[in-house]
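Novice: turn this into a model:
(one chain, ligands or ions: 1)
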Amino acid sequence: MTKIRAIRKTDSAKALKSIRFQNLTRFSRPRVKAFLDFICELIDENVYIQINKKPTLKWEKAWLKDLKKKIKDGEAVWLGAWEGKKLIASTQARRGLWNERDNASIGLSVLKSYRRKGLGEKLMRMIIRIAKKRLNPKNIYLSVATPNLPALSLYRKVGFKKFARFPNWAKKNNKYFDVLYMLLKK
Ligand SMILES: CC(C)(COP(=O)(O)OP(=O)(O)OC[C@H]1O[C@@H](n2cnc3c(N)ncnc32)[C@H](O)[C@@H]1OP(=O)(O)O)[C@@H](O)C(=O)NCCC(=O)NCCS
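Specialist: Sure thing, here's the model as predicted:
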């Protein structure tokens, strides 16, 4: 793990001082419980991520095993931020399947009390760099719910541009909303 290096704002630098980044490799032995707690906290908060049902420890273990295999096979990269033993942010890039394997999709989440400190932006810029190096994709893209204004603003800031809108594509609290697909400018 490496200590955080550059953070934009002085206050943020102070707030994030104790945070460490981990680049997951096939040799890492991450604590499954930390991953489970992380995803459950986001689901409890009802944020705009795809998963809406809390996984079991067994499911999470299988998910992590699969992720590590994908990392080993050059199909994915993952980067997390830890404060002590708590996973506080996670981002990953994954290849598509078969003849779409040269497209990498990115996901990112930061726990509520660590937001607005520059962490999401830093992780996004780092995962783009790592994905370019390890996956060498032709396209880097992501999807985002239209009501998720913080995420939309972050993605635009780092250089993603909308290339498709899927109307009424996902549902939360019994309400449908559009999903945007965004492509990273070269
Ligand atoms: C979206 C998310 C990752 C942003 O993380 P973060 O660490 O708070 O973001 P940062 O502090 O690095 O902010 C970077 C930029 O994002 C945008 N942003 C972040 N929070 C914002 C907010 N509440 N309102 C408006 N813009 C916001 C801004 O453009 C900001 O740049 P600025 O500081 O120059 O204004 C975070 O809100 C999150 O994890 N949300 C819940 C899960 C989620 O929605 N994931 C994305 C699924 S597509």
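
Novice: could you check which helix or strand contains the residue in the chain positioned nearest to the ligand?
Specialist: The chain approaches the ligand most closely through Gly120 (2.3 Å), counting by C-beta to the nearest ligand atom. Every residue, glycine included, has its C-beta placed from N, CA and C. Using DSSP states H and E, Gly120 maps to helix 119-135.

Novice: which other helices and strands does the very next helix or strand once past that helix contact?
Specialist: Using DSSP H and E, the helix or strand that follows helix 119-135 in sequence is strand 139-145. For strand 139-145, the elements it packs on are strand 103-110, helix 119-135, helix 149-158, strand 160-172, strand 175-184, judged by 3 or more C-beta pairs under 8 Å, 6 or more residues apart in numbering; DSSP states H and E.

Novice: does strand 139-145 reach the ligand?
Specialist: Yes - applying C-beta under 6 Å from any ligand atom, one finds strand 139-145 touching the ligand at Val144.

Novice: the inter-axis angle of that strand versus strand 103-110?
Specialist: 50 degrees (axes from the mean of the first three to the mean of the last three C-alpha atoms, to 10 degrees).

Novice: what about dumping the CA coordinates of stretch 111-131 to CSV?
Specialist: In CSV, the C-alpha atoms belonging to stretch 111-131 read as follows (Å, rounded to 0.1, in the frame of the first residue of the first chain):
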residue,chain,number,x,y,z
LEU,A,111,-18.4,6.3,1.6
LYS,A,112,-20.5,9.3,2.7
SER,A,113,-18.2,10.7,5.4
TYR,A,114,-15.2,10.7,3.1
ARG,A,115,-16.8,12.6,0.2
ARG,A,116,-16.1,16.1,-1.0
LYS,A,117,-12.4,15.9,-0.1
GLY,A,118,-11.0,15.1,-3.5
LEU,A,119,-10.9,11.4,-3.0
GLY,A,120,-13.3,10.4,-5.7
GLU,A,121,-11.5,12.5,-8.3
LYS,A,122,-8.1,11.3,-7.3
LEU,A,123,-9.2,7.6,-7.5
MET,A,124,-10.9,8.2,-10.8
ARG,A,125,-7.7,9.7,-12.3
MET,A,126,-5.6,6.9,-10.8
ILE,A,127,-7.9,4.1,-12.1
ILE,A,128,-7.9,5.6,-15.6
ARG,A,129,-4.1,5.7,-15.6
ILE,A,130,-3.9,2.1,-14.3
ALA,A,131,-6.5,0.9,-16.8
